[in-house]
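Student: Got a predicted model here, sequence first, then my questions.
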Amino acid sequence: MDNENKPSKRLFSLDALRGFTIAGMILVNVPGSWDHVYPMLRHASFNGLTLADLVFPFFLFIVGASIVLALGKRLEQNVSKTKIAGKIIYRTLVIFVIGLFLNWMSVHFTFPLRVAGVLQRIALCYLAA
């Protein structure tokens, strides 16, 4: 059977949520003019919930759902748990280091680094899950 007739095993709803979340992240981080920002594009000061407050939890949901799908597929292929754990640790380190690098670049190459950035938190949540 050729690949054209083979049904895709991707979860398109997860891909769509990932795309909407990235679009939301871009909209929240680059709203145009910071002098005229819609209130929903700012984080809630203490209590309440805005669009900006939902971006990070959606990313974590996507990471968790992707873990279940990817690990299930790997276990069905009889990949050793040691190899899976090694790949998880490698990905965690890569995401963490990329986050450190981006934070370092955003403060114009100065120290100290912001260790608790968004990518670093996603990497640690990925490792914990």
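Tutor: Nice, I can see it. Residues are numbered from 1 along each chain as shown.

Student: Next, the buried residues of stretch 32-44.
Tutor: Within stretch 32-44, the residues that count as buried by 16 or more other Cβ atoms under 10 Å are residue 41. For glycine as for every other residue, the C-beta is placed from the backbone atoms N, C-alpha and C.

Student: Which of the residues in stretch 52-62 are classified as buried?
Tutor: Going by 16+ other Cβ under 10 Å, stretch 52-62 has these buried residues: 52, 55, 56, 58, 59, 62.

Student: so can I have CSV of the residues you listed showing secondary structure?
Tutor: Listed next are the buried residues of stretch 52-62 as CSV, based on DSSP: H, G, I helix; E, B strand; the rest coil:
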residue, secondary structure
52, helix
55, helix
56, helix
58, helix
59, helix
62, helix
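
Student: Could you tell me the per-residue confidence at the residue nearest the centre of the chain?
Tutor: The chain has residue 59 as the residue nearest its centroid, 4.4 Å off, counting by Cα atoms, centre = their mean. pLDDT recorded at residue 59 is 90.

Student: can you pull the contacts of it?
Tutor: By Cβ atoms under 8 Å, 6 or more residues apart in numbering, the contact list for residue 59 reads 21, 25, 122.

Student: Please tell me how far it sits from residue 78.
Tutor: 30 Å (Cβ to Cβ, to the nearest Å).

Student: quick one, helices of the protein?
Tutor: 12-29, 51-76, 81-106, 118-128 (DSSP state H).

Student: quick one, which of those helices is packed in tightest?
Tutor: Mean neighbour count (mean count of other Cβ atoms under 10 Å) peaks for helix 118-128 among those, with a mean of 16.

Student: In PDB, list the C-alpha atoms belonging to that one.
Tutor: Provided in PDB are the C-alpha atoms of helix 118-128 (Å, rounded to 0.1, in the frame of the first residue of the first chain):
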ATOM      1  CA  VAL A 118       8.900  29.900  30.100                       C
ATOM      2  CA  LEU A 119      10.900  27.400  28.000                       C
ATOM      3  CA  GLN A 120      12.800  26.300  31.100                       C
ATOM      4  CA  ARG A 121       9.500  25.700  32.900                       C
ATOM      5  CA  ILE A 122       8.100  23.700  30.000                       C
ATOM      6  CA  ALA A 123      11.300  21.600  29.900                       C
ATOM      7  CA  LEU A 124      11.000  20.800  33.600                       C
ATOM      8  CA  CYS A 125       7.300  20.000  33.300                       C
ATOM      9  CA  TYR A 126       8.200  17.700  30.400                       C
ATOM     10  CA  LEU A 127      10.800  15.900  32.400                       C
ATOM     11  CA  ALA A 128       8.500  15.500  35.400                       C
END
